[in-house]
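J.: Here is a sequence together with a model predicted from it:
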Amino acid sequence: MGLAAGPHTAAAEVGVMRQPRPSEPRLTALLLDRHELVRLGLRTLLEAQRTVTIVGEADTITTAVERTLAIQPRLVITGSTLPDGDASEACRRITETVPGTRVAVLTDVAVETSMIDAVRAGASGYLSTLMRGSDLCRAIRAIATGESQLDPRSTQTLLQCLRRDGKPHDRLFTLTGQERRVLTLVADGRTNKEIGHALRLSEKTVKNYLSHAFEKLQVSRRSQAAVLFTHADPDSVMPALRLADGTARGA
């Protein structure tokens, strides 16, 4: 495959890493996709928008796990289908090998089972290649900084699936009213700061509520808590679901 000449050409080769310049964002990412052209396009977009600093690439899950362990990027952005597995397998192996690494799945088709499996395996975001470039950059940066994001198509698919198959989970009933309100806003895509502003709480208090809620729900990630909460009571979050493009469902 021919590549246009330019500063990104050499870095587009699998595994070639570039050290971030002092002026670039400190948020680092590794790109995982079987197609070199996809990695090149994504690198070009993200670096042009100064979204994250790309510090490595891989075309298989095995290589991505090895390079994540060596490079310790904040975020891994993976395609949905890879030579040695799928997105959920990538999420599971990466987060098990390097706990704390955030994983965003980028796909052109939102498949119910694949989406839920990926989130359960540790994905912090599920995004569509059909999103506008600016929305995709915004969502990826949000994921890298600790938020959970779903694009509009993925959100609709996920909620339809959970509405059809979901039943209230016993653990949900152990939550206090304030914990439920905080989780509703987590499922809405809000940051801790935004949740604090909405509920007139400090960020520290929000973190405490989330910590207690995570313990009761037996989860460790915002995305997992949001899915379980939505799964148990999808109507509670439907009116104000925050999407990755910044809009609200029903707005």
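T.: Structure received. The structure presented is a predicted model; accordingly, all values stated were derived computationally and were not measured.
J.: what's near enough to touch the residue lying closest to R93 once chain neighbours are set aside?
T.: The spatial neighbour of R93 that comes closest, neighbours along the chain excluded (Cβ to Cβ, 6 or more residues apart in numbering), is V65 at 5.2 Å. In short, each C-beta sits where N, CA and C put it, glycine included. V65 is in contact with R93, I94, T97, V98, counting by Cβ atoms under 8 Å, 6 or more residues apart in numbering.
J.: what about V65, which helix or strand?
T.: helix 61-71 (DSSP states H and E).
J.: can you dump the C-alpha coordinates of that helix into CSV?
T.: Extracted in CSV, the C-alpha atoms of helix 61-71 (Å, rounded to 0.1, in the frame of the first residue of the first chain):
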residue,chain,number,x,y,z
ILE,A,61,-3.6,-8.2,19.9
THR,A,62,-0.5,-10.1,20.9
THR,A,63,1.8,-7.3,19.6
ALA,A,64,-0.5,-4.7,21.2
VAL,A,65,-0.2,-6.4,24.6
GLU,A,66,3.6,-6.6,24.4
ARG,A,67,3.9,-2.9,23.4
THR,A,68,1.3,-1.7,25.9
LEU,A,69,3.4,-3.4,28.6
ALA,A,70,6.6,-1.8,27.3
ILE,A,71,5.3,1.7,26.5
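J.: Enumerate the positions of that helix that are buried.
T.: Under the neighbour-count criterion of 16 or more other Cβ atoms under 10 Å, helix 61-71 has I61, T63, A64, V65, R67, T68, I71 buried.
J.: Now do that helix, average pLDDT.
T.: For helix 61-71, mean pLDDT rounds to 96.
J.: and after it, which helix or strand comes next?
T.: Past helix 61-71, the next helix or strand by DSSP H and E is strand 75-79.
J.: Give me the mean pLDDT for that next one.
T.: 97.
J.: what's next to that strand, contact-wise?
T.: Residues contacting strand 75-79 (Cβ under 8 Å, 6+ apart): 27-35, 38, 42, 52, 64, 68, 87, 90-91, 94, 101-107, 140, 143-144.
J.: Narrow these to those that are buried.
T.: 27-33, 42, 52, 64, 68, 87, 90-91, 94, 101-107, 140, 143-144.
J.: Next step: the residues you listed restricted to strands.
T.: T28, A29, L30, L31, L32, R102, V103, A104, V105, L106, T107 (DSSP state E).
J.: Give the full set of residues in contact with the third one.
T.: Residues touching L30, when contacts are defined by Cβ under 8 Å, 6+ apart, comprise 54-58, 64, 67-68, 71, 73, 75-77.
J.: The first one now?
T.: Taking Cβ under 8 Å, 6+ apart as the contact definition, T28 lies against P20, V52, T53, I54, V55, I71, P73, R74, L75.
J.: Out of these, which is nearest to T81?
T.: Nearest to T81 out of the contacts of T28 is L75 (Cβ to Cβ; 19.6 Å).
J.: Using the three-state scheme, assign G56.
T.: With DSSP: H, G, I helix; E, B strand; the rest coil as the basis, G56 sits in strand.
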